[in-house]
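**Q** with the input below, show me the fold.
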Amino acid sequence: MTQFNPSECVILLHGLARSDGSMKKLAQALDDAGYLTVNVSYPSTKQHIEALAPDAITKALAQCPEDSTINFVTHSMGGILVRQYLKKNIIKNLGRVVMLGPPNKGSHVVDNLSKIPGFKLINGPAGMQLGTTEVSIPNTLGSANFELGIIAGNRSVNPILSLMLPVPNDGKVSVEHTKLEGMNDHIELPVTHSFMMNNKSVIAQIIYFLVHGSFNKG
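**A** Numbering: from 1, shown residues only. Coordinates of the predicted model:
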């Protein structure tokens, strides 16, 4: 039986148009590593980022033990929720944050597809906020002032979307646009955007960063 460490809580935040089910394998791996894991489900396509972030993260924080260190592991838009929350709030016992494929500078896919009928219906108001313009939500949140490691993918299963993006990319976000000023470490792996959270190498790097504050590049 796994012995959880109640002093280390890890909050998982899935990406746009996904659910906590997409983070289930990662949650199990973190549980097995001894972390107390809170796998959050939130209505990513129903509200704007400014509303999603406080609602999802406040509920998640309530599930972590009092005085525990609060870590985050996010996929895609989940990372933008953390940035949005931390711009408005202070988590006094914040630990480390690992973002998987975050559109920290926005995604060219949104630039190209947001005006196509059906895009907003599928991706909701939050999806419309993830473009690369200076006024897009990711580009108005500022630099990281917390311990941050970013994992970017450079493989794609969607060649059409990849053509809309600078190379290299993961099919949804370019490697360059995952980066954020103030980050502590960044690593590029041969994984795709949609499934990177299930990759064994990605999971190993997540746990390594949570422990060491850097990725294993040896």
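**Q** CA atoms for contacts and neighbours, from now on please.
**A** OK.
**Q** other SSEs contacting the strand ranked longest in the chain?
**A** Ordering each strand of the chain by length in residues (DSSP state E) puts strand 5-13 first. Where contact means 3 or more CA pairs under 8 Å, 6 or more residues apart in numbering; DSSP states H and E, strand 5-13 is packed against strand 35-40, strand 69-75.
**Q** output the ones you listed in TSV; the columns should cover distance to Phe195 and mean neighbour count.
**A** Shown next, in TSV, are the helices and strands packed on strand 5-13 (distance: least, CA to CA, whole Å; neighbours: other CA atoms under 10 Å):
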stretch	distance to Phe195	mean neighbour count
strand 35-40	17	22
strand 69-75	10	23
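**Q** would you format those as a markdown table with mean pLDDT and distance to Gly182 included?
**A** Output for those, formatted as a markdown table (pLDDT from 0 to 100; distance: least, CA to CA, whole Å):
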| stretch | mean pLDDT | distance to Gly182 |
| --- | --- | --- |
| strand 35-40 | 97 | 26 |
| strand 69-75 | 98 | 17 |
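**Q** what ranges do the strands span in the chain?
**A** According to DSSP E, the strands that the chain contains are 5-13, 35-40, 69-75, 94-100, 147-153, 185-189.
**Q** list of residues touching the third one?
**A** Think strand 69-75. Applying CA atoms under 8 Å, 6 or more residues apart in numbering, the external contacts of strand 69-75 come out as 7-15, 61, 64, 79, 91, 93-102, 197, 206, 210.
**Q** what's the closest of the helices and strands packed on strand 5-13 to Gly106?
**A** strand 69-75 (13.9 Å; CA to CA).
**Q** low pLDDT regions in this structure?
**A** 1-4, 6 (pLDDT under 70).
**Q** so where do the helices sit in it?
**A** 24-32, 49-61, 77-88, 108-113, 119-127, 159-162, 175-178, 200-212 (DSSP state H).
**Q** now the angle from the last one to helix 24-32?
**A** Angular relation of helix 200-212 and helix 24-32 on a 0 to 180 degree scale: 40 degrees, by axes from the mean of the first three to the mean of the last three CA atoms, to 10 degrees.
**Q** please name every helix or strand in contact with helix 200-212.
**A** Secondary elements touching helix 200-212 (3+ CA pairs under 8 Å, 6+ apart): helix 24-32, strand 94-100.
**Q** that's all I had, so thanks and see you.
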